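Undergrad: Sequence and predicted structure are below.
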Amino acid sequence: MADRATDKGQKPFLRIHNISKHFAEVRAVDEVSLDIQQGEFFCLLGGSGSGKSTLLRMIAGLETATSGHIEIEGQDVTNVPPWSRPVNMMFQSYALFPHMNVEKNIAYGLKQDNWPKEEMDARVQELLDLVQLGEYGKRKPNQLSGGQRQRVALARALARKPKVLLLDEPLSALDKKLREETQRQLVAIQKEIGTTFIMVTHDQEEAMSIATRIGVMDRAKLIQVEAPREMYERPANKMIAGFIGQVNLFEGKVSRKGNTQIITSVDTGGTLEVSEKIALADGQVIWVAVRPERILLKTKPKGRAAKAINKANGKLTDIMYLGGITHIQVTLDSEHPVRITISEHWDGDEAKLKLGDAVEISFEKRAARLLVS
Amino acid sequence: MGFGSIKRYLVIIPPLMWLGLFFLIPFFVVLQVSLSDPALTRPPYTAIFTWDSWFPSGYIGDFENYAFLWSDSLYWRSYANSLKIAAVGSFICLLIGYPIAYVIARANSRTRNTLLLLVILPFWTSSLLRVYALIGMYSPNGFINSSLSFFGIIDTPLQLMQTDFAVYSGIVITYLPLMILPLYSALEKLNDDLIEASSDLGAYPLATFWRVTLPLSISGIIAGSLLVFIPSVGEFVIPALLGGPDQLMIGKTLWTEFFNNRDWPVASSVAMIMLAFLVIPMMFLRNTQGLKE
Amino acid sequence: MSKRHPFVLAMAGFGYAILYIPILIMIIYSFNSSKLVTVWAGWSTKWYGELLSNGQLAQAAWISLTVAFWAATIGIIFGTMIGYALARFRRFKGKLLLNGMSTAPIVMPEVVTGLSLLLLFISMESLIGWPAGRGLTTVIIAHATFCMAFVAVVVQGRLSDFDVSIEEAAMDLGARQPYIFFTITLPIIMPAIIAGWLLAFTLSFDDLVIASFVSGPGSSTLPIVIFSKVRLGVTPEINALATIIVAVVAVGVIAANWLALRSEAPKQTDESE
């Protein structure tokens, strides 16, 4: 999927070029460029105030860009008003018209395009079936549950067959269980109709489970665009490493010993090695990121290795048993905390772990990722 | 709520008695006088209401006064004209008030407060003085005419006073705030997302206005129109100061009947019929809860 | 997008102009030194001087202030009782009647209210000898009646906004009515009561029609005197008087608004996303 999406040969379906939005003194979106291919389910991920919603609203035409431009299928739409753009949006609040029933809400966009009555009715019925609300056409929005309203909003936004569907935190109002179910439905619907979806969310798990590609925004900038797995494996910086899943960061300093560069770490009290080859300057401060499930735990350490590589001693300070997996916190001798996730497949006996036990942690070179910022 | 029933009635009964005595009973007195004989009730008026000349002495009222109202076109023309002026005046207030309410509701919170204050401010100043200020604008030697003749645009003053135009201006300057406030509160509740959703679904701004904004502010339109319409029907100051002898309005007719002709029974019948006209819009207003302001 | 459509903005500006231009012109002409309103003869404050020496207007103003003070005061006492009963007592005999009678005076045509009260006062006088003639008392009673209706609406609105559980907490802590009312409820609704008093005072001070019916010789209120003068046309003295009234009201309303804003200022937050 990721390959299809990043295929260089294809002309981008939606091209966002150097776009910025300033509100008075505040830069909400700062020189963002992004290409999205047809049929993608793209997630814009970021915290509140990161500019992700503003970017989405610029694609919809609800905000005018301060500079830069947006193209859809090669056509510049930067200054096209929202009512003339081939995109539709599903609002976080759903924005269902309270004075119209479900059918009228769904037909609203079709009426604007002057669809003939029969075709309009057929299209409305088709959409009601798509979102499994066949029986609810005559209800008013206030007679529906939150999940049903969410589906009406989706049907309404899809009615005009938009080239791009924009979804602004569409699941944030639902409770956890319903949200997971709706995520699956959303992916199924997107596959079925093949429309390009761009969704804004602050929930990284949601982005990971839905998206074909994720774009992470922070402080008005687009930091990294990658497929979920690649983003998890190769985060571009500390912020993303911490934002997408959990991570342990070991700070290190580059120095030279004879002809070779080595990285010494106050956190582990030894040296760090990674398999990646990156040109580093002497004296540079870097970080080595390791996921909690990639850290190896050994009880009863046999003393202390003289030149410990990717290894440190500490003691157990927290154990949280969660059924299939167990979260463990180890405080290293340097006081640096390390989080470890162990599964049932761990070769030790987790039932014997006690708080205060002396342990040794280590990780393999290829499990570590070098970050320079 | 922790109030024993005796304590409760200590709260309820005093105002209930006050309103009963000074609001409810007076209508029965008016009804009674409207049924009494005009000849008996001419001034000096203190002597008229000796109790033995009322029901106890066997006297039964009649509908003579109402028949008189029916026979004299002055009265029904007054009623018709009042209803017309109140209806058209409410509509003009709606046309002028809607853009104001819309702009206030869509402004950011700081600007909104100032704009709202500017609407409420005139409401706190005497309506008599606001109507009076219009005389200064419209009279033959008033501001408009003297300015126009100063610039040589007109030779003879325009007839602005004593016209329908002047009366409508009076209604607007008196009652516009009452139209704007309920409109504003309806429009303020209107979520921006709905308007954006409509644009996003392909509706031009005007289509969005007709299909989303207007239907969702209908409660404010009804409440505002009734709040202007009801008092306008019985209005006295505006037709008295700005209207001419031809601008018949029922409030002024009642006033003339009472103070100038001193015909109290006829004035009472006029009042009863005016009430009959207004009962339905008043009930309607209560149901729209437009009084919340 | 269409939020700031120039046409809509222009229409709104036009509406504000309609409200304010006549008043502004009246204020400007109150400083005209000529007696003829049409001729501008230079700035002068002489009409303000004449106003001060006009005994009839001063007396009427005093009567109006007295009436407004008492009408508003009676209005808030009874109006608060009505508002409280309607908002807090669930069911009681006469609730519908009280509800109807407390809102009807607001929308009742003034000529009808005035006429009906006058006829009541006259028949009461002949029946029980009170009130003897028309005067301050009858005007105060008449004004207090519509004042309490306005106060009741304001108080009822405030009471239905605030959380009943605050009163229940007081009850839970062992307090009883009417102690709860005076220590908890009243302080919380005080701003509404003060606003109600000011509104009632203003409405009473402005009333012409009802006062015309129920006032007697020697109890002519300010609007009655103003009306009898302005019927004959524009006079510079009334311009000056109106300017003073407008200035007092404007200062009062702006000050009240400023105080209200300041007390809730920390709530303001800006969302930029």
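TA: Arrived safely, thanks for sending.
Undergrad: Briefly note if stretch B:272-282 comes near chain C.
TA: Yes: if you take Cβ under 8 Å from any Cβ of the partner chain as the test, stretch B:272-282 does meet chain C, through B:274-275, B:278, B:282. C-beta coordinates here come from the backbone N, C-alpha and C atoms, glycine included.
Undergrad: From the residues you listed, pick the one nearest C:A256.
TA: Taking Cβ to Cβ as the measure, C:A256 lies nearest B:M282 of those, at 30.3 Å.
Undergrad: so is that closest one in a helix, a strand, or just coil?
TA: Three-state call for B:M282 (DSSP: H, G, I helix; E, B strand; the rest coil): helix.
Undergrad: For it, the count of nearby residues, please.
TA: Around B:M282 there are 18 other residues, counting by other Cβ atoms under 10 Å in any protein chain shown.
Undergrad: what about it, distance to C:M108?
TA: Going from B:M282 to C:M108 by Cβ to Cβ, to the nearest Å gives 8 Å.
Undergrad: so of the residues of stretch B:272-282 next to chain C, which ones are in helices?
TA: B:274-275, B:278, B:282 (DSSP state H).
Undergrad: Now residue 147: phi and psi?
TA: Using chain A. Dihedral angles of A:G147 (phi, psi; degrees, to the nearest 10) stand at phi -70, psi -40.
Undergrad: Run a quick neighbour tally on it.
TA: Other residues near A:G147 come to 16 when the count uses other Cβ under 10 Å.
Undergrad: same thing with B:L187?
TA: The local packing of B:L187 (other Cβ under 10 Å) involves 20 other residues.
Undergrad: Nearest to chain B: which residue in chain C?
TA: Using Cβ to the nearest Cβ, C:P109 is the residue of chain C that sits closest to chain B, at 2.4 Å.
Undergrad: hang on, isn't that residue packed against B:G251?
TA: Yes: in this structure, C:P109 is within contact of B:G251 by Cβ atoms under 8 Å, at 6.4 Å.
Undergrad: So for those two, which residues contact both of them?
TA: B:233-235, B:274 (Cβ atoms under 8 Å, 6 or more residues apart in numbering or on different chains).
Undergrad: Name the member of the residues you listed with the most neighbours.
TA: B:E235 (29 neighbours).
Undergrad: Not counting sequence-adjacent ones, nearest residue to that residue?
TA: The shortest distance from B:E235 to any non-neighbouring residue, by Cβ to Cβ, 6 or more residues apart in numbering or on different chains, is to B:G251 (5.1 Å).
Undergrad: which secondary structure elements does the helix or strand that neighbour falls within contact?
TA: Following DSSP states H and E, the helix or strand that holds B:G251 is helix B:250-255. Counting contacts by 3 or more Cβ pairs under 8 Å, 6 or more residues apart in numbering or on different chains; DSSP states H and E, helix B:250-255 packs against helix B:73-106, helix B:237-241, helix B:264-288, helix C:110-128.
Undergrad: weakest of the ones you listed in terms of mean pLDDT?
TA: When those are compared on average pLDDT, helix B:264-288 comes out lowest at a mean of 84.
Undergrad: Would you mind getting the angle between that one and helix C:110-128?
TA: Per axes from the mean of the first three to the mean of the last three Cα atoms, to 10 degrees, the angle that helix B:264-288 makes with helix C:110-128 is 120 degrees.
Undergrad: Can you list the buried residues in helix B:264-288?
TA: Going by neighbour count (16 or more other Cβ atoms under 10 Å in any protein chain shown), the buried part of helix B:264-288 is B:264-275, B:277-278, B:281-282, B:285-286, B:288.
Undergrad: all helices of the stretch 101-250 of chain C, in order?
TA: According to DSSP state H, counting those that start in this stretch, the stretch 101-250 of chain C carries its helices in the segments C:110-128, C:136-161, C:164-172, C:179-180, C:186-206, C:209-214, C:222-230, C:236-263.
Undergrad: can I get those helices in TSV with distance to A:I342 and mean neighbour count?
TA: What follows is the helices of the stretch 101-250 of chain C, written out as TSV (distance: least, Cβ to Cβ, whole Å; neighbours: other Cβ atoms under 10 Å in any protein chain shown):
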stretch	distance to A:I342	mean neighbour count
helix C:110-128	84	22
helix C:136-161	55	24
helix C:164-172	48	14
helix C:179-180	59	17
helix C:186-206	57	19
helix C:209-214	85	25
helix C:222-230	87	21
helix C:236-263	56	17
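Undergrad: Least reliable of these by average pLDDT, please.
TA: Ranked by mean pLDDT, the helices of the stretch 101-250 of chain C bottom out at helix C:164-172, which scores a mean of 82.
Undergrad: Summarise which helices and strands the helix or strand containing C:W62 is packed against.
TA: For C:W62, the host element (DSSP H and E) is helix C:55-88. Contacts defined by 3+ Cβ pairs under 8 Å, 6+ apart place helix C:55-88 against helix B:5-19, helix C:95-107, helix C:136-161, helix C:186-206, helix C:222-230.
Undergrad: Dig out what A:V330 forms beta bridges with.
TA: On the basis of DSSP bridges, A:V330 is bridged to A:L316, A:V338.
Undergrad: Hmm, it is touching A:K315, no?
TA: Yes: at 6.9 Å, A:V330 counts as touching A:K315 under the criterion of Cβ under 8 Å.
Undergrad: Neighbour count: those two, which is higher?
TA: Shown here are A:V330 and A:K315; by other Cβ under 10 Å, A:V330 has more neighbours (24 against 13).
Undergrad: Give me the pLDDT value at the more buried one.
TA: For A:V330, the model assigns a pLDDT of 90.
Undergrad: B:N145 versus that one, what's the distance?
TA: Counting by Cβ to Cβ, the gap from A:V330 to B:N145 is 93 Å.
Undergrad: and C:G252, how far is that from C:T202?
TA: 9 Å.
Undergrad: Give me the common contacts of these two.
TA: By the contact definition Cβ under 8 Å, 6+ apart, C:G252 and C:T202 are jointly contacted by B:W124.
Undergrad: Next to chain C, which bits of chain A? Give me the list.
TA: A:23, A:26, A:28, A:48-51, A:53-54, A:62, A:81-82.
Undergrad: Need the buried ones from those residues selected in ChimeraX.
TA: Per 16+ other Cβ under 10 Å, the buried members of the residues of chain A next to chain C correspond to this ChimeraX selection:
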select /A:28,49,50,51,53,54,62,82
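Undergrad: Which pair of the residues of chain A next to chain C spans the longest distance?
TA: Checking these with Cβ to Cβ, the most distant pair is A:S48 and A:P81, at 27.7 Å.
Undergrad: if we can go back for a sec, okay if I get the helices and strands packed on helix B:250-255 as CSV plus distance to A:Y108?
TA: CSV is the format used below for those (distance: least, Cβ to Cβ, whole Å):
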stretch, distance to A:Y108
helix B:73-106, 21
helix B:237-241, 44
helix B:264-288, 27
helix C:110-128, 47
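Undergrad: Ok, which of these comes nearest chain A?
TA: Taking the helices and strands packed on helix B:250-255 one by one with Cβ to the nearest Cβ, helix B:73-106 is closest: 14.5 Å.
Undergrad: what's the following helix or strand after the closest one?
TA: Heading C-terminal from helix B:73-106 (DSSP H and E), you reach helix B:109-124.
Undergrad: Just the helices from chain A, written as ranges.
TA: In chain A, the helices defined using DSSP H lie at A:2-6, A:52-60, A:102-112, A:117-130, A:146-158, A:176-193, A:204-210, A:228-233, A:238-243.
Undergrad: What sits closest to A:A211 if chain neighbours are left out?
TA: A:C43 (3.7 Å).
Undergrad: is it true that that neighbour touches A:R213?
TA: Yes: contact criterion Cβ under 8 Å: A:C43 and A:R213 qualify, at 7.5 Å.
Undergrad: Look at those two and report which has more neighbours.
TA: More crowded of A:C43 and A:R213, by other Cβ under 10 Å: A:C43, with 27 against 22.
Undergrad: Straight-line length of stretch A:91-100, end to end?
TA: The straight-line separation of the ends of stretch A:91-100 (Cα to Cα, to the nearest Å) is 17 Å.
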